[in-house]
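**Q** Give the three-dimensional model of this entry:
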Amino acid sequence: MAPILGPMAYGVRTTSTARNETTRLASEATAQRARETRESLAAEGVSFPLVVGVVHLLIVQLVASLAYRFGTIREDSAPFRYVPEPLDGWARYLVEPMRHWDGFWYKLLAEQGYDRAPTAYPAFWPLYPWLMDRGARLTGLPTETVGYLIANLAFLIGLVLVYRLVALDFDRAVARRTLVALALFPTAFFFTAVYTESLFLALVAGALLAARTERWFLAGVVGLLAALTRSQGVMLLAPFAVLFLQQHRFEWRRWLPNAAWAALPAAGPAIFAWQLGSQGIDRLAFVNVQEQWWRFQASPVETFRCAIAGCTAPADHPYITENYPIRGADWSWIGIIVRDPSWSTFTSLTFRDAVARSETLELSCTVLFLALAAVGLRYLPLYHSAYVWPALVVPLFSPSAIHPLMSIPRFGLVLFPLFVMLALLFERRREAIPAIAISTLLLILLTAQFAQWYWVS
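**A** Predicted structure coming up:
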């Protein structure tokens, strides 16, 4: 029996060794595929956002520069009376078309500080003008040029961070479509303008990505910077709370120190108030200053009524001396172009001004954003909705007598979960391509409006 048992035993050992080797090779192959996937994701997570950002910049900048150089500027626009001196060199036709409206306020604030007139300055939060001022001191460039460079660099960083965050919650295909929807949205030119949209998007995406991956100290610090960029930044407390509870539950012993880091965005308003007070300004000026934009308190229902059918502003408002009539949405511009669909009509001041003052963009974007947010309650992670809803609802409690839904088409740009919903809804090419084409056309038209001092949002 020995001669037989020996080879059999040897065969068993050989088979076992072969199986172990096969398992080891399979594990190595799996690990290699995982590494390749991570490397591919990391590479695409930079290259794709950069491509999208460059395409966005080329479209917006080309349209803005051509409109500013060859178009007719609206000289009766109120802020136009205060436009600063022309810039020199390349900035003449790159930066000047993108420094209008709030961009001009940020320039003045960066150069003069909060303790100088006018009293409207506290409406603009300090981080962005501070960076503009420091950048101008270091480089010798004009403050608005520095603001332009910051905005465009921050937008590229923001796209990279949004891609990583969305790919983490969904997949790369959804992340790609999200970036396209975001960069080509009709009001996306604000990402290139001397505005805070780009910086705020980058900071919010970075803060939420850090919180999502349980790096709470980084999340808190970046969230605090977001809360020093715009008042909307303090609303990061809501998605932070959702993520924190999902990760830590109610195991109190695990809360510290992460709970302290998660609360850091709340320090943004406190720091801003301290800065104003140290310069001899009312510490709550950033709250009260909204009255200078003729904002008043109302319920969301009343705000929508004003935006749709018109209403009367309260007579006890500090800047409104009588019952001021507020116009609702005016769709008459459609009849103008239908009656005379010519190039001269389309480019005329009368038509373009009618579009600018019609409130239709504000109303359409608000309805779209609320609809996407409502559907998102089912399809988006809970912390996405916790970020979106406060930022959408709070402005509805303070309409403006000038434009009831003023700035909401711009406020919604930084609510990237809304664009995740667009990416989920427009999954098929036959639906996505026409939507992208229409959105890009509107982006071109609104960019030209902005570059020539027409009101957009």
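
**Q** drop to CA atoms for contacts and neighbour counts, all remaining ones
**A** Noted.

**Q** got a list of what the closest residue to Leu184 other than its chain neighbours touches?
**A** Closest residue in space to Leu184, ignoring its immediate chain neighbours: Thr440 at 5.5 Å, by CA to CA, 6 or more residues apart in numbering. Contact analysis of Thr440 by CA atoms under 8 Å, 6 or more residues apart in numbering lists 184-186.

**Q** For ChimeraX, write the selection for the buried entries among those residues.
**A** In ChimeraX syntax, the buried subset of these is picked out as below (16 or more other CA atoms under 10 Å):
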select :184,185,186
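
**Q** just to revisit the earlier point, which SSE is the residue nearest to Leu184 in?
**A** Taking DSSP states H and E as the criterion, Thr440 maps to helix 429-451.

**Q** Buried residues, that helix. List them.
**A** Using 16+ other CA under 10 Å as the test for burial, helix 429-451 gives 432, 435-436, 439-440, 442-451.

**Q** Could I get the CA-only coordinates of it as PDB?
**A** Extracted C-alpha coordinates of helix 429-451, given in PDB (Å, rounded to 0.1, in the frame of the first residue of the first chain):
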ATOM      1  CA  ARG A 429     -28.100  61.200 -24.900                       C
ATOM      2  CA  ARG A 430     -31.200  61.900 -27.000                       C
ATOM      3  CA  GLU A 431     -32.600  64.000 -24.100                       C
ATOM      4  CA  ALA A 432     -29.400  65.400 -22.700                       C
ATOM      5  CA  ILE A 433     -27.900  66.800 -25.900                       C
ATOM      6  CA  PRO A 434     -30.900  69.000 -26.800                       C
ATOM      7  CA  ALA A 435     -31.100  70.200 -23.100                       C
ATOM      8  CA  ILE A 436     -27.400  71.100 -23.200                       C
ATOM      9  CA  ALA A 437     -27.800  72.900 -26.500                       C
ATOM     10  CA  ILE A 438     -30.700  75.000 -25.200                       C
ATOM     11  CA  SER A 439     -28.900  75.700 -21.900                       C
ATOM     12  CA  THR A 440     -25.700  76.800 -23.700                       C
ATOM     13  CA  LEU A 441     -27.600  79.100 -26.000                       C
ATOM     14  CA  LEU A 442     -29.300  80.800 -23.000                       C
ATOM     15  CA  LEU A 443     -25.800  81.000 -21.300                       C
ATOM     16  CA  ILE A 444     -24.500  82.900 -24.300                       C
ATOM     17  CA  LEU A 445     -27.500  85.300 -24.400                       C
ATOM     18  CA  LEU A 446     -27.400  86.000 -20.700                       C
ATOM     19  CA  THR A 447     -23.600  86.500 -20.700                       C
ATOM     20  CA  ALA A 448     -24.000  89.100 -23.400                       C
ATOM     21  CA  GLN A 449     -26.700  90.800 -21.300                       C
ATOM     22  CA  PHE A 450     -24.400  90.900 -18.300                       C
ATOM     23  CA  ALA A 451     -21.400  92.100 -20.200                       C
END
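
**Q** chain center to it, what's the gap?
**A** Centre-to-centre, helix 429-451 and its host chain are 17 Å apart (CA atoms, centre = their mean, to the nearest Å).

**Q** With stretch 370-387 instead?
**A** When distances are taken as CA atoms, centre = their mean, stretch 370-387 is centred 16 Å away from the chain's centroid.

**Q** What's the mean pLDDT across it?
**A** Averaging pLDDT along stretch 370-387 gives 98.

**Q** Other residues contacting that stretch?
**A** The contact list for stretch 370-387 (CA under 8 Å, 6+ apart) reads 169, 235-236, 238-240, 242-243, 388-389, 392, 415, 417-418, 421-422.

**Q** do stretch 123-130 as well
**A** Residues from elsewhere that reach stretch 123-130, judged by CA under 8 Å, 6+ apart: 106-107, 109-110, 147, 196, 199, 225, 228-231, 272, 285-287, 289-290.

**Q** measure it end to end?
**A** Across stretch 123-130, the terminal residues are separated by 14 Å (CA to CA, to the nearest Å).

**Q** please renumber so the chain begins at 836
**A** Will do, 836 is the new start, and the previous item becomes stretch 958-965.

**Q** Report the contact partners of Ser1235.
**A** Contact partners of Ser1235, counting by CA under 8 Å, 6+ apart, are 1128-1131, 1241.

**Q** Distance of it relative to Ala955?
**A** Taking CA to CA as the measure, Ser1235 falls 15 Å from Ala955.

**Q** ditto for His935
**A** Distance of His935 to Ala955, given as CA to CA: 16 Å.

**Q** The two - which one has more neighbours?
**A** Using other CA atoms under 10 Å, the more surrounded residue of His935 and Ala955 is His935, with 23 against 19.

**Q** Could you tell me which residues make contact with that one?
**A** Counting by CA under 8 Å, 6+ apart, His935 has contacts 1028-1029, 1285-1286, 1288.

**Q** Can you tell me the element Ala1037 falls in?
**A** Per DSSP H and E: Ala1037 is located in helix 1032-1047.

**Q** Against which helices or strands is that helix packed?
**A** Counting contacts by 3 or more CA pairs under 8 Å, 6 or more residues apart in numbering; DSSP states H and E, helix 1032-1047 packs against helix 978-1004, helix 1051-1062, helix 1072-1083.

**Q** at 6 Å instead, please
**A** Under the contact criterion of 3 or more CA pairs under 6 Å, 6 or more residues apart in numbering; DSSP states H and E, helix 1032-1047 touches helix 978-1004, helix 1051-1062.

**Q** Report the mean per-residue pLDDT for the first one.
**A** Yep, that's helix 978-1004 we're talking about. 97.

**Q** between that helix and helix 1032-1047, what angle do the directions make?
**A** With axes from the mean of the first three to the mean of the last three CA atoms, to 10 degrees applied, the angle from helix 978-1004 to helix 1032-1047 works out at 30 degrees.

**Q** what about the helix or strand that helix 978-1004 is followed by, distance to the chain center?
**A** Sequence-wise, the next helix or strand downstream of helix 978-1004 (DSSP H and E) is helix 1007-1018. The chain centroid and the centroid of helix 1007-1018 are separated by 14 Å under CA atoms, centre = their mean.

**Q** in the stretch 1136-1285 of the chain, which spans are strands?
**A** For the stretch 1136-1285 of the chain, strands defined by DSSP state E, counting those that start in this stretch occupy the ranges 1146-1147, 1160-1161.

**Q** ok, residues contacting the first one?
**A** The contact list for strand 1146-1147, computed with CA atoms under 6 Å, 6 or more residues apart in numbering, reads 1158-1161.

**Q** Okay, now the unreliable bits of the chain?
**A** 836-876, 910-918, 952-953, 1156 (pLDDT under 70).

**Q** that older thread, show me which of the buried residues of helix 1264-1286 is closest to Ser882.
**A** Nearest to Ser882 among those, counting by CA to CA, is Ile1271 at 20.5 Å.

**Q** ranges for the helices of the stretch 1086-1235 of the chain?
**A** In the stretch 1086-1235 of the chain, the helices defined using DSSP state H, counting those that start in this stretch lie at 1093-1097, 1102-1113, 1120-1123, 1135-1144, 1167-1174, 1178-1181, 1184-1191, 1195-1214, 1217-1228.

**Q** what's the closest of the ones you listed to Ser882?
**A** Closest approach to Ser882 among those (CA to CA): helix 1217-1228, 24.8 Å.
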